[in-house]
Each structure stands twice: as structure tokens, then as C-alpha cells.
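**Q** Provided below for reference: sequence and predicted model.
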Protein chains: 2
Amino acid sequence: MDKYTSLDKTVANHSALTPLSLLQRSAQVFPDKPAVIDNDRTLSYRQLYQRCRQMGAALHGRGVNPGDTVAILCPNSHEMLESHYSVPMAGAVLNSVNIRLDAATLAFILGHGEARVLFYDTQWETQVRAAIAELESPPLLVAIERKAGASDGLADLDYERLLAEGDPEASWRRPADEWAAISLNYTSGTTGNPKGVVYHHRGAYLAAMTNAMVFNMTAETVYLWTLPMFHCNGWAYTWAITAVGGTHVCLREVDTTEIYRLIEDYGVSHMCGAPIVMNMLLQDLGRQGLTLSRPAHFALGGAAPPSSVIRKAEEIGFQITHLYGLTETFGPATLCVPQPEWQQLPLVERAVKMSRQGVPTHGLDEVTVRDVGSGEPVPANGQAMGEICIRGNTVMKGYLKNPDATDKAFQDGWFHTGDLAVMHPDHYVEIRDRAKDVIISGGENISSLEVEEILYRHPKVSEAAVVAMADEKWGEVPCAFVYPTADGAELTSEELIAFCREHMAHFKAPRKVVLGELPKTSTGKVRKNILRDSLS
Amino acid sequence: MDKYTSLDKTVANHSALTPLSLLQRSAQVFPDKPAVIDNDRTLSYRQLYQRCRQMGAALHGRGVNPGDTVAILCPNSHEMLESHYSVPMAGAVLNSVNIRLDAATLAFILGHGEARVLFYDTQWETQVRAAIAELESPPLLVAIERKAGASDGLADLDYERLLAEGDPEASWRRPADEWAAISLNYTSGTTGNPKGVVYHHRGAYLAAMTNAMVFNMTAETVYLWTLPMFHCNGWAYTWAITAVGGTHVCLREVDTTEIYRLIEDYGVSHMCGAPIVMNMLLQDLGRQGLTLSRPAHFALGGAAPPSSVIRKAEEIGFQITHLYGLTETFGPATLCVPQPEWQQLPLVERAVKMSRQGVPTHGLDEVTVRDVGSGEPVPANGQAMGEICIRGNTVMKGYLKNPDATDKAFQDGWFHTGDLAVMHPDHYVEIRDRAKDVIISGGENISSLEVEEILYRHPKVSEAAVVAMADEKWGEVPCAFVYPTADGAELTSEELIAFCREHMAHFKAPRKVVLGELPKTSTGKVRKNILRDSLS
């Protein structure tokens, strides 16, 4: 031991990192400030902190212990936000379940996660009843009632009654180890049983701090919950907004009129979501000729925003940032940090820059693109394709009770995303495809995303998905599935194939185009496996 | 092992927190942006990162190993900033030495810290020569030359030559353990040998992130180095500004004309410093009728800003935030977060609010005020006095080779600051005195700071210090030492005593006032021990 290493950790200079401490701080610094606005109920930071400690104590009183799972099935609401603190305050692990799941998947998740308690909004009582009928040891059922008596006798008790069992002045326990689990989020894979992604306190604290930092959030931030909190714990913004002492504004379901009202009434500064939310919002506000009275930041996950969306968004008052992440990375892993000089570019060129997935957040060490064969980083030339591989402290602990999947995901010391991308010379990552969605035609790789991007440029295409179709000569060829816009009734396959051939190498153009609705997962991902199956 | 704890750490999801990663990220995201402006030399983030890796490799090549100490004696400059990265990149510990120290203290520090290398600005060559003459094993001497050939043959080589020995494309090593030492900062105690405060990588990363967050720093931040970087590693802003990808603007010495020029030329948004810097700046700008073309934040450590300073600062364009910290807490431990409703208060009342030390940063768990006898928290009533005790991840490892001082500082699981304070009902801390500076008169505690604050309200008082004077009847009584302003030549002791008696309880008013200059430490703290000795 040298002169420096002999200085040990003590309770005065080392404690477990946890996002729970961020609520404690905001309750001290901003006790009377609105922490969360949920329709006609507003809770101050003092009240939020008190209710969380009280529920933590109530759960503990009901025998919930460290390492137990508490599940919740609820739209964005103050109870949902509270659970992000109360459950880990009891030492337990929060499992937020996607509200769009069918009863069978819900039953699988509650069984696999071994939920001891289920908080559920009574709107989903039918699904809950069906799901628990399949469970050997059903959880304690706690109803979140928007109207008193809304539960039809299924619940053991309601949320407020359980809350009342706890001491409002209870203290809470910091985890003994920051590597302890804080939450469990099941991925909505397109095939097979969902996998349970386990988050740790350390990563949740760091994700909260860095996600607040990358979007310049401050105590003035008013955050509108257009993103479901059950999605990767709201990309860690359930904790990040609290970290800065901002205000959470809840939104139960995506309703563009309500979104506009909330933005204007509360001075919303930040929001996140999928492209579909942004698109609906732009269409509806655009039709009504509405603009925002002050600009709001919109962080967009998923498909890259095309230039038409960027222009429309900016006209209305949204500043768009494209980001990329996975359940396994606490949400955002990279974001497309705008460079000042991009402002001088023509819109189409700027959109090309902005559509990339970008650069890592501060929570990660490295986001690299590695050759699928050799595992070596590909050259940063915007051409060579490889798999996005990630390392850092905002990566999950692993998959619950699934050592094979965990080992596979962490093979060779990297988290393997399964996303294929190129690294640009400016070290911005750009996704080309999911590994399993690449089409191999005559030995050439065709990115399904690239073909989809061309299709999206056609003014009458609303949604497009491209998959591989077996072909005797070429092995595989691209086949497109397209859902037209409202005024695209007369759109034909021939027109779209010709359009693609005009804009890209002919071998990449789809051989076949099927018009109609696209099958999707509960989180809105197109189920390409079903499209592929429909071709065989 | 339960279902959650079986998920182990891997290199993909766990790595040592270190502020070195923040430079790596900014070099990737903002390669061509000015990272540091040092007179006529500007380094981009790409260049800064390259020079740091290169110097890290050069140090390694010279036999510097993990756990070794590399000292630097240099004003704010790009070399000083580089050392905050290059030295830990070599696994070594950076010891930034106060440039105002005498040769004997410098010799003590270099010997005690076992410096293997000393970077020094040739302006201090005389002191260095005298100091190393006292050392048994002198360090490798590396001259930082502002003019070529400025070193008079003392140095072994110059900084740029050493740099050239390293590989500019060298990689750097993350510490194996985030608890590893990153820097060593000697406190300028008012008595006895300085103590060597050891910082850890974990705390430095967290201090950087939280100090950036509490002052709303972003990639647009332009930070002027009015604070010496050798002071607690510039309160961790050496790392924090880099974290957000802001620009460091160096200032070699405090010169108000130069400060104003830099603020205006580079659009400075943030700066930190001691009240003396703020006061000089306000006086000089005020005299010349100069104001800032855009507002700048000034974080003020040390004595609380009186209302006259706040008014003058706001007229000129500075937004003042008062903060409090110690070398042992990586600089800022608390800051006086402004509450929106304070803006409605009359200036004098607002100044009372703003003069408090405030609330903890996100890096700390608790900043409490505890009864000196019982160790219990005092009531939050703004009256009961106790010692400020701190816990959290941005507290030092301990004092180098000084287990007694370390144990005493961490007694009962708290870092004991030695500062006496009250806790206000809004949970803002306000310092009343240093424990050893309290005056006990007839069994009553008199805070020397409280008396000093009254004295500072007198328009002709420039500096004031109050200490205990022995008294037969009362045990102790307050004695004031006052340095008048330039137009205060005719100020008398009687006038000041009468002024104090008019504004505070008579028993608290000084019995004696001595006019003249005040003795100070190299960091500008008044040496009250010398004042006390002068009375006995």
C-alpha cells in the first residue's frame, strides 16, 4: 500500500450513488415548488418527497424487502412518478410494465419478475384480472383509482389506503451497494419472450445527471411527459427532472390538443418521444395554424427526422434533437449534438447532419462501431458498416434470470446493440440497420433503413418497412410494405418501385411493394418478422 | 445471492469514474472548438486532448508511475490546465502548489508530497532554487517558459521538450479503481504545517458534473479563470468546464482592465473568485463607468456579499451567487440557490437571503449543523449554533501521511469543517464563525463574523477582522482590526465603536479598534492568530 492508497473510504466520504438522493435534495432546496402536475393535482417537492417516503414505509410494512419486485401498470401520473422513488426507498426493484401489453404477456412478466405487489390503474382491471388468473402466487393488488370505487372488487386495497399505512416522516434507506438493482424493464422484442433488463442505482444516478446535462436542463425546466414513464423509466427523466428541480407535467395519453394546451399553460420547455408523437403533433398544430409562444426542445428517439419534419417543427417552435438508445442503456446512449456551424447549412444538408444518431452521453465511456467479423473498430469514413458496441456506467446489470442472453449481450467486454452503423469522420454514429434486418442480395449488403428512407421521401408514403424476400437468383431481394397517407389512396406499387429506382442503385430498389397497414409491437415498432413470414 | 445480485459487474457496464473521460468526450464532440485561450495561444479540444495524452506518455517515459506525485507551480495557463489531465493520465497525482508561498513552505510541500517532477513557471525560479536546495531528493525540474531561454540553467529541461518525448497518439489509462488519488492540495492553514488534502477520481468526476450543473453551464459557457487553478483544482472547474465543452479563458494575474477586456472580447459567461477580486473589479469598473454588454455569473466564495456589493455588481452586469466550500470538499459544498420570490424583495432583504451559504450541491449527501457537544443536529431555527458537518462523495480521501488529522476530521462518520453555523427554517446554512474564532464573553458566544459584518456596513471600512481579547471581568471581549478605505484617513476607533453600539447589542461591540493593515496568508485569509498574539 503506497502513501495514497492507505486512505480508506469512510461513511463521511463515500456513499452509494442513487437517484433517490436527488429527490431528497430538491425537497430541501425547492420545497414549495411544483414537482409534478397531474391534471388537477399538483404536488410540491415537499409533498412528493413525503408521499414517497410514506409509501416506501408502507411497502416495507407489507413485507416488501430488498431484492423484491414491485410492478406497476399505469399511465404517466403522479403515482407512477412516486413509484420511481418509493419502491427503491423500500429497497425493492420497480418493474414498470407497458400498458399496451396483452394479458398473457403481462402474466409472463409478473411471473418472471416475481412481483410481490402490483400497482395498477383500474382502467386496466380486465387485463390484470386475466393475467393474475394465470399466476401461481399472485401479487398484492393495489388499485390506482381515478374515480373512487372504480375497482370492481379485484384489488386488495387502493393506493391511497396503502399509502396511509406508512409513516409520512419515515426515513429511507440508501442501498448498501450502488450496484444494487433499482428497476426492471422488459424489452418488447419482436420475437420470443420479453427479456427483463435490470438497472442499477449507480447507472440511474449517472443517467439522470448526464441526461439532464446534455439537454441543458435547469430548475426552470418544465418537462411534459409525452414519453411513457414505463419506457426505460422515461429514459431516466423520471429522475433527471427531479435532479435539477424542474417540474414534471403528466400526460396520460397522446392527445395533440391536450399537449398544446399543457405546453402553453405551463410553459413547457422540454419533451421527449417517438417520431409518431412528433408527427401527429406537427400535423394537428399545422392544420390549425398554431405555433408555440416560446420554443420547446423535443428529443426524438427512433427513426431519424426527415428535413420536412425538421422544417415544420421549427416553424411551429420545436427545437429537435435526434437521439438513440436502448432499454439496455437506460434510454439515451447517443445524441446528435448540434454544431454551431450547421445553422449556416441549407435545410436539406442540415437535416442530413441532424438525422445521425450522434455522440455518446457523459455516462458512457465509448460508443464504437466494430466489424462484425473481426471485432475491430471500423474506419471512421461514413462507409464501413459494423455493429454499435457500447461500454460504460449507464449500461444495464444484465437480463434477469437469463445468463445466456446476458453473456451474449456482453460478449468480448462490449454491450452488443445488434444495430448496424457507420462511423462518420466527425465521429458521429449513423445507424444503417438492425443486424437481423440487413438484406443480402448477390453478396451485397442492402440496408433496409436506406430503402425506407427513400420511400419516406415520397409525399404519399406515411409508413414504410423493407424486409428481405427470398430470390432464386440473388439469394435475397428487398420487399417493401407501405402504408399510404390519407391522400394516397391511388398510390401504386409500380409508382413506388419507379421512384426508388430513380433515387438509388437499382439493385437496392424493392422488387415488390405491398400496400396496407403494418403490424406493430405495443411500443409501436414494426414487427418485421411478421412481414418476413408473410412472404414465405 | 438473490435473482438481482447474481448479475455481476463487467467491463461493459462498469468502469472507474474519472474526469479524464470528460476531456475524451469533448475532444470527440467538439474537436475544433477553442478549449483554452491563453493570451495569444488557443488550443482546440482536439489539440488539448492530444497534448495531454502526449505529456502523460512523456511522464510515463520518465518513470512516473501510478501513485507518484507530480507538482506544478504555475499561474493559470494552458500548461496548468493540461496538467490536470496529463498527470492523472500517467496514473500520477497532481500537486498544484500555491504560487504565493515562500521557499521554505514550498520545500516542505515538495518533500512531504514526495514530488518526482516539478513543472514550474520560470517567474518563480528564485523560489524554486531556494526550495530544492533543502530537498534530499529533488524532483525532475521542468521549466514552463513564457520566453525562450527564461530559465537560468536550473531546469533539467523545458515543458515543450518534455512534451516532445511523448507519443501524441498515445492512449491513456483509466485508473483501475475510481477511489485512486487524482490530486493533492495543501491547505494554507493559519497555523502549523500545511496539510495535504487528497482527492479521488470518483469525487473529481462527480464534483465536475455537479458544479457544472448548479451553475447551469452548457457548451456555450465561456469561463474566465479569475480563480487560481491551484486553489482546490480551481474548485473542480478545471474539469467541469471541459465536461460541458465550454471554453477556458486563462488569466495569469488579477488585473481588472484585463478582466474587463477578456469578458468583452470572448463573451465570458461565468467566473468565480474571492470577494477581494469582485470588490476590485466593481471599484475599477464603477470608477470608469463601464458595464458588461451581456450579463455574467460570478460565484463568490468566502465572506458574504453585502447589499452594497450586490447592487453595484448588478448595475454593472454581474449575477452573484454566494457559495461555501473547503479544500476538503473539492471546493463548493453549498451554494445559495436563489429562489424566484427573492426577486420581489427589497435589496437589503434580498442581500440577507443571498448572504447565506445555502444548500448542498448534488455531490454531497448531507450538509448538517450539529451541536458541538451532543453531535445531534441543531433545530432549523436560524438561532441554534453548531458545527457544519458534511457527508458525501465529494469529500476528500483524507490528509496525506497524517492519520491523526484524518481521523479527527472524519470523527463520528462526518467531515468536521470547524465552521460554526445556524440552520435556517428554509434549510439554508449560514456560517456564524470559525469554531476557533468565537469570542466567549461573560458566558455568551459572540460571532466574530457578526461583528465584522456590522463594521463592513460602515462606508469607510475596507477590511475588518475581529478577535477575542482577554478581559478580567468578562473573560473575553471583542477587539477589531480595521483597514480603512482610501478616503477613510480620518476614521477613528471611537467612531467605529459608537457605530457598532448603535447597530448591535452593546456586549457584542468591540472594546478596542486597531487601525492598520491586516496580516494575511498566501491565499488572502486574514491571519487571526497573529492578531490574537499581538494582543497578549
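**A** Looks like it came in fine.
**Q** and residue A:260, how many residues sit next to it?
**A** 19 (other CB atoms under 10 Å in any protein chain shown). Where C-beta positions appear, they are placed from N, C-alpha and C, glycine not excepted.
**Q** Report the contact partners of it.
**A** Contacts for residue A:260 (CB atoms under 8 Å, 6 or more residues apart in numbering or on different chains) come out as A:281, A:284-285, A:290.
**Q** ditto for residue A:203
**A** A:330, A:363, A:393-396, B:13.
**Q** mind checking which helix or strand it is in?
**A** Residue A:203 is part of helix A:201-214 when elements are defined by DSSP states H and E.
**Q** helix or strand right after that helix?
**A** Assignment by DSSP H and E places the next element after helix A:201-214 at strand A:222-224.
**Q** For that next one, give the mean pLDDT please.
**A** Averaged over strand A:222-224, pLDDT sits at 98.
**Q** Counting by contacts, list what that strand packs against.
**A** Counting contacts by 3 or more CB pairs under 8 Å, 6 or more residues apart in numbering or on different chains; DSSP states H and E, strand A:222-224 is packed against strand A:247-249, helix A:256-266, strand A:270-273.
**Q** And for it, what's in contact with it?
**A** When contacts are defined by CB under 8 Å, 6+ apart, strand A:222-224 is touched by residues A:217, A:237, A:241, A:246-249, A:251, A:259, A:262-263, A:266-271, A:296.
**Q** Same check on stretch A:173-180?
**A** A:15-18, A:20-21, A:66, A:88-89, A:91, A:182, A:200-202, A:205, A:397, B:4-5, B:9, B:14, B:365.
**Q** which parts of that stretch are buried?
**A** Neighbour counts over stretch A:173-180 (16 or more other CB atoms under 10 Å in any protein chain shown) mark A:174-175, A:178-180 as buried.
**Q** Just the buried subset of the contacts of residue A:203, written out for PyMOL, thanks.
**A** Buried residues among those (16+ other CB under 10 Å), as a PyMOL selection:
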select buried, (chain A and resi 330+363+393+394+395+396) or (chain B and resi 13)
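**Q** Greatest separation within the contacts of residue A:203: which pair is it?
**A** Maximum pairwise distance in these, criterion CB to CB, is 12.3 Å, between A:363 and A:396.
**Q** tell me, what's touching these two both at once?
**A** By CB under 8 Å, 6+ apart, the residues touching both residue A:363 and residue A:396 are A:203, A:330.
**Q** how does chain A divide into domains?
**A** Domain segmentation of chain A under automatic domain parsing yields A:20-209, A:254-435, A:438-534.
**Q** Mean neighbour count, those domains: which tops it?
**A** Mean neighbour count (mean count of other CB atoms under 10 Å in any protein chain shown) peaks for domain A:20-209 among the domains of chain A, with a mean of 21.
**Q** For the lowest-mean-pLDDT helix or strand in chain A, name the packing helices and strands.
**A** One helix or strand of chain A scores below all others by mean pLDDT, DSSP states H and E: strand A:444-446, with a mean of 75. Contacts defined by 3+ CB pairs under 8 Å, 6+ apart place strand A:444-446 against strand A:439-441.
**Q** Check the model's average confidence along the strand it packs on for me.
**A** The model assigns strand A:439-441 a mean pLDDT of 82.
**Q** What helices and strands are in contact with it?
**A** strand A:444-446, strand A:461-471, strand A:475-484.
**Q** Return the list of strands paired to the shortest one, each annotated with direction.
**A** On the basis of DSSP bridges, the sheet neighbours of strand A:444-446 come out as strand A:439-441 (antiparallel).
**Q** Could you export the contacts of residue A:203 to TSV, including columns for secondary structure?
**A** Shown next, in TSV, are these (DSSP: H, G, I helix; E, B strand; the rest coil):
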residue	secondary structure
A:330	coil
A:363	coil
A:393	coil
A:394	coil
A:395	coil
A:396	coil
B:13	coil
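**Q** Which strand or helix spans residue A:110?
**A** helix A:103-112.
**Q** That helix close to chain B?
**A** No. Judged by CB under 8 Å from any CB of the partner chain, helix A:103-112 makes no contact with chain B; its nearest approach is 9.8 Å.
**Q** What's the first helix or strand after that helix?
**A** strand A:115-121.
**Q** Report whether that following strand contacts chain B.
**A** No. Judged by CB under 8 Å from any CB, strand A:115-121 stays clear of chain B, getting no closer than 12.1 Å.
**Q** export the next helix or strand after that strand as CSV, just CAs?
**A** Downstream of strand A:115-121, the next assigned helix or strand under DSSP H and E is helix A:125-132. The C-alpha trace of helix A:125-132 is given here as CSV (Å, rounded to 0.1, in the frame of the first residue of the first chain):
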residue,chain,number,x,y,z
GLU,A,125,-58.5,-4.1,-14.5
THR,A,126,-59.8,-6.5,-17.1
GLN,A,127,-56.2,-7.3,-18.3
VAL,A,128,-55.0,-7.6,-14.7
ARG,A,129,-57.8,-10.0,-13.8
ALA,A,130,-57.0,-12.2,-16.8
ALA,A,131,-53.2,-12.1,-16.1
ILE,A,132,-53.3,-12.9,-12.4
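**Q** What residues does the closest residue to residue A:461 other than its chain neighbours make contact with?
**A** Leaving aside its sequence neighbours, residue A:461 sits nearest to residue A:455 (CB to CB, 6 or more residues apart in numbering or on different chains; 5.1 Å). Going by CB under 8 Å, 6+ apart, residue A:455 touches A:461, A:464, A:466, A:480, A:482, A:496, A:499-500.
**Q** 10 Å instead?
**A** Contacts for residue A:455 (CB atoms under 10 Å, 6 or more residues apart in numbering or on different chains) come out as A:461, A:463-466, A:480-482, A:496, A:499-500, A:503, A:509-510, A:513.
**Q** cool, residue A:335 as well?
**A** A:211, A:214-215, A:299-301, A:321-325, A:357-361, B:29 are the contacts of residue A:335 under CB under 10 Å, 6+ apart.
**Q** Repeat the analysis, applying 8 Å as the threshold.
**A** Here residue A:335 is in contact with A:214, A:299, A:321-324, A:357-359, A:361 (CB under 8 Å, 6+ apart).
**Q** nearest to chain B, of these?
**A** Distance to chain B, by CB to the nearest CB, is smallest for residue A:359 among these, at 4.8 Å.
**Q** Would you mind confirming that that closest one makes contact with residue A:339?
**A** No. With contact defined as CB atoms under 8 Å, residue A:359 does not reach residue A:339; the gap is 10.4 Å.
**Q** Find out how far stretch A:187-206 is from the centre of the chain, if you would.
**A** 10 Å (CA atoms, centre = their mean, to the nearest Å).
**Q** for the stretch 101-250 of chain A, what are the low-confidence residue spans?
**A** A:148-149, A:188-192 (pLDDT under 70).
**Q** List the contacts of the one residue in it that gets nearest to chain B.
**A** Residue nearest to chain B within the stretch 101-250 of chain A (CB to the nearest CB): residue A:181, separated by 3.9 Å. When contacts are counted by CB under 8 Å, 6+ apart, residue A:181 touches A:67, A:93, A:198-201, A:397, B:4-5, B:7.
**Q** secondary structure element for residue A:531?
**A** Per DSSP H and E: helix A:528-534 holds residue A:531.
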